[in-house]
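In: With the sequence up front, the predicted model follows.
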Amino acid sequence: MSWGIVLERCTTGRATPVRPLTATSWRVAPSPGRRRTSGTPGSSPPCSANEIARYVGRLLNAGYGRQCLDTALPQFNVPNVQGVMPGQLYTADQQCQHIYGPQSRYCHGGNFGNLDGICTSMFCLVPGNRRRIFCVEYHAAHGTTCANGKWCEEGACVANANAPNIPQGNCPFGDQLTLVNRRRCPQAVAARPALCYNQRVRTICCATCAQNAQANSNANRAACPFGDRVRRCNQQSCHRLLPDGTPYARDCCGTCNFDATQWTCADAPNGVDGAPCRAAVQADQVQGCYNSTLAFSCCASCQEQRTPQGREGCEYGDRDLTPEFCQRLSNSSQPCTQQQRDQCCRTCGAKENDNQGIIQRSSAISTLTLQWPIQLCLWLIAVCNICRLWTCV
């Protein structure tokens, strides 16, 4: 009662009524604010008895005060909450709304701390500030859930058989107030659902991401809970293999209804158009495994042809359309044209690397050739200076 009525020290010489939940510090996201330095919920402040007596005395001397203390209230249909802990009757958001109105809510996560510190550090949002999140620290009500099977008693988070259980990974207080891409969680996730694949976003937007996963009607929801991981997916490309050897459908799991955990790089049992994969790859001389659809259906056969550490666009070596065409290019001293590079990427790449090595060696020899006369001149100058010095002596 003393904490609810008075929080002024004896040294101030006056008593001031305050809200039932006493603000102990403030905090602005993301910079930490002042922390509480004294005072424990449940203990009486210094000289509280004298302060209460003075305060009640002033109420009795005032007309409105005597009316409040002496006149009984009319009968109301007030529910019997005897035996119910206040923290279980009112959520953390509701406790903050009792202080700052319906737009307020409990600030948690990040700079505002986690659930286990709510007993002495329950930050409440101060509405009306559009530029930044401004929260003030209060003590949570007795019985406020602070951990699995624990609630607040006298400012401490203690175990109690009546305290509710919180399943691991649950989201008891909803989304955090931290902005994602300068937006609140519902707006940010609605604009790009794939954000929920990010662990940090899932922590900040735990409620919104959970709602999106639950609303996902995809049959492959377990492996693709938030839909496509990238934008602009199309079903026509679902049976393609990307240049790095991964299936296109992996990042477009929602559009393609694809489960990456069930996919293995193997040849299709029936091959392609009735032909075994090895024969189909050899028959397609123009593209071969560069045909992304063929590479997907004949993944194992194409994997055998993949060039180790091949650059992008040359994963499967030369596209040798005519016999010995690329071989003739390797024996030629002329540089490859763009068309030749597209057709014989491996041969032209090796040739260009050899030429580059020759250029570097020639450059090194030229540098050395130019440097040794200079070094000789400097040496002769030094010798002449020494001879002149001896002559003077």
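Out: Nice, I can see it. Numbers count the residues shown, from 1 in each chain.

In: what's near enough to touch the nearest residue to residue 86 once chain neighbours are set aside?
Out: In this structure, residue 86 finds its nearest non-sequential neighbour in residue 141, 4.0 Å apart by Cβ to Cβ, 6 or more residues apart in numbering. Glycine gets a C-beta too; all of them are placed from N, C-alpha and C. Residues near residue 141 by Cβ atoms under 8 Å, 6 or more residues apart in numbering: 21, 85-87, 90, 95, 152.

In: What is the most widely separated pair among those residues?
Out: The span of the contacts of residue 141, defined through Cβ to Cβ, is set by 21 and 85 at 14.9 Å.

In: And the pLDDT for the residue nearest to residue 86?
Out: For residue 141, the pLDDT comes out at 93.

In: With residue 385 instead?
Out: Taking residue 385 on its own, its pLDDT is 67.

In: do the same with residue 369
Out: pLDDT at residue 369 comes out at 55.

In: same thing with residue 109?
Out: Residue 109 is given a pLDDT of 81.

In: number of nearby residues for residue 163?
Out: Residues near residue 163, counting by other Cβ atoms under 10 Å, number 23.

In: Oops, could you answer that again for residue 246 instead?
Out: Other residues within reach of residue 246 by the criterion other Cβ under 10 Å amount to 13.

In: same check, this time on residue 180
Out: Neighbours of residue 180 (other Cβ under 10 Å): 21.

In: Same question for residue 159.
Out: Counted with other Cβ under 10 Å, the neighbours of residue 159 add up to 11.

In: distance of it from residue 141?
Out: Using Cβ to Cβ, to the nearest Å, residue 159 is found at 18 Å from residue 141.

In: any chance you could map the strands in the chain?
Out: Using DSSP state E, the strands of the chain run over 25-28, 106-107, 122-125, 134-138, 145-147, 150-153, 156-159.

In: now those in TSV, with distance to residue 176?
Out: Below are those laid out as TSV (distance: least, Cβ to Cβ, whole Å):
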stretch	distance to residue 176
strand 25-28	14
strand 106-107	8
strand 122-125	11
strand 134-138	11
strand 145-147	17
strand 150-153	20
strand 156-159	20
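
In: Need the nearest residue in space to residue 93, chain neighbours excluded.
Out: residue 105 (4.6 Å).

In: hang on, that neighbour packs against residue 97?
Out: Yes - using Cβ atoms under 8 Å, residue 105 makes contact with residue 97 at a distance of 7.2 Å.

In: So for those two, which residue has more residues nearby?
Out: Neighbours per residue, other Cβ under 10 Å: of residue 105 and residue 97, the larger number sits with residue 105, 23 against 19.

In: thinking again about what came up before, out of the strands of the chain, which is closest to residue 50?
Out: Residue 50 lies closest, by Cβ to Cβ, to one member of the strands of the chain: strand 134-138, at 25.3 Å.

In: Show me what the closest one is packed against.
Out: strand 25-28, helix 92-100, strand 122-125 (3 or more Cβ pairs under 8 Å, 6 or more residues apart in numbering; DSSP states H and E).

In: Run through who's touching the last one.
Out: If I follow you right, that is strand 122-125. With Cβ under 8 Å, 6+ apart as the test, strand 122-125 has contacts from 21, 27, 92, 95-96, 99-100, 103-108, 112-113, 133-140, 144, 177.

In: Filter those down to just the buried residues.
Out: Neighbour counting by 16 or more other Cβ atoms under 10 Å classes 21, 27, 92, 95-96, 99-100, 104-108, 112-113, 133-140, 144, 177 among the contacts of strand 122-125 as buried.

In: Could you tell me which residues make contact with the residue nearest to residue 93?
Out: Shown in contact with residue 105 (Cβ under 8 Å, 6+ apart): 93, 96-97, 124-125, 177.

In: per-residue confidence at it?
Out: Looking at residue 105, its pLDDT reads 90.

In: go on, residue 248?
Out: 92.

In: What sits closest to residue 273 if chain neighbours are left out?
Out: According to Cβ to Cβ, 6+ apart, the nearest residue to residue 273 is residue 280 (7.1 Å).

In: Might one say that that neighbour is in contact with residue 295?
Out: No - in this structure, residue 280 is not within contact of residue 295 by Cβ under 8 Å, at 10.8 Å.

In: Please tell me which one of the contacts of residue 141 counts the most neighbours.
Out: Among those, residue 152 has the most neighbours (other Cβ under 10 Å), with 28 neighbours.

In: Let me see the contact set for that residue.
Out: Neighbours of residue 152 in contact, by Cβ under 8 Å, 6+ apart: 41, 87, 118-119, 140-144, 146, 158.
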